Each structure stands twice: as C-alpha cells, then as structure tokens.
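[1] Take a look and give me a structure for this.
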Amino acid sequence: MDKRNALRAGAVSATVTLMMLLSSPAMALTRDDGDDPGTGLTVAQTLGLYVLLPIAAFVIIGALAALPYGDGKGRKK
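    Just a heads-up that it's a prediction; the model follows:
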C-alpha cells in the first residue's frame, strides 16, 4: 500500500513539475495592457537591496535581542 502511494505521489509531482516547466515561459513574453515595468536596478542598488540590507537587518535585530542581557558583568552567581 505504501509503495503505491509513493508511486502515485511521485507521478503527480513529476507531472506538475513538467507542466510548470513547459507552460510558464511562454506567457512571460507577452505584455499586458497597462504594464509599466519602469527602469532596472543598477549593480550597486541590487547589491544594497539584496545583500547589504538583509545583513544590516540581521545585525540590528541581533543587537536588539541581545540588549536585555547586557555584557553579563556585575551579576550575582
């Protein structure tokens, strides 16, 4: 019974993946009415948005999370 379910799940997953790969790119070439994509990002803007901004957010959130603990000095043992 488990082998049949696994085979069925694999067949469904393979079929869905194949359908997505075959159908998606064709619709990306046509433009819709009212579509206004705007200008692209420069390399510096892309790096800032997808690399530097997440790193800065991680550092800020980490610092805020560590703030209540302080440096640990002066505590009773």
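[2] chain center to the lowest-mean-pLDDT helix or strand in the chain: distance?
    When the helices and strands of the chain are scored by mean pLDDT, DSSP states H and E, helix 2-28 comes last with a mean of 83. With Cα atoms, centre = their mean, to the nearest Å as the basis, helix 2-28 stands 22 Å off its chain's centre.
[3] In PDB, list the C-alpha atoms belonging to stretch 8-21.
    Below are the C-alpha coordinates for stretch 8-21, written out as PDB (Å, rounded to 0.1, in the frame of the first residue of the first chain):
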ATOM      1  CA  ARG A   8       1.300   8.000  -7.100                       C
ATOM      2  CA  ALA A   9       2.800  11.000  -5.300                       C
ATOM      3  CA  GLY A  10       6.000  10.800  -7.400                       C
ATOM      4  CA  ALA A  11       3.900  10.600 -10.600                       C
ATOM      5  CA  VAL A  12       1.800  13.600  -9.600                       C
ATOM      6  CA  SER A  13       4.900  15.600  -8.600                       C
ATOM      7  CA  ALA A  14       6.700  14.800 -11.900                       C
ATOM      8  CA  THR A  15       3.600  15.700 -14.000                       C
ATOM      9  CA  VAL A  16       3.100  19.000 -12.200                       C
ATOM     10  CA  THR A  17       6.800  20.000 -12.500                       C
ATOM     11  CA  LEU A  18       6.800  19.100 -16.200                       C
ATOM     12  CA  MET A  19       3.600  21.200 -16.800                       C
ATOM     13  CA  MET A  20       5.100  24.200 -15.000                       C
ATOM     14  CA  LEU A  21       8.400  24.000 -16.900                       C
END
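[4] List the contacts of that stretch.
    For stretch 8-21, there are no external contacting residues (Cβ atoms under 8 Å, 6 or more residues apart in numbering). Every residue, glycine included, has its C-beta placed from N, CA and C.
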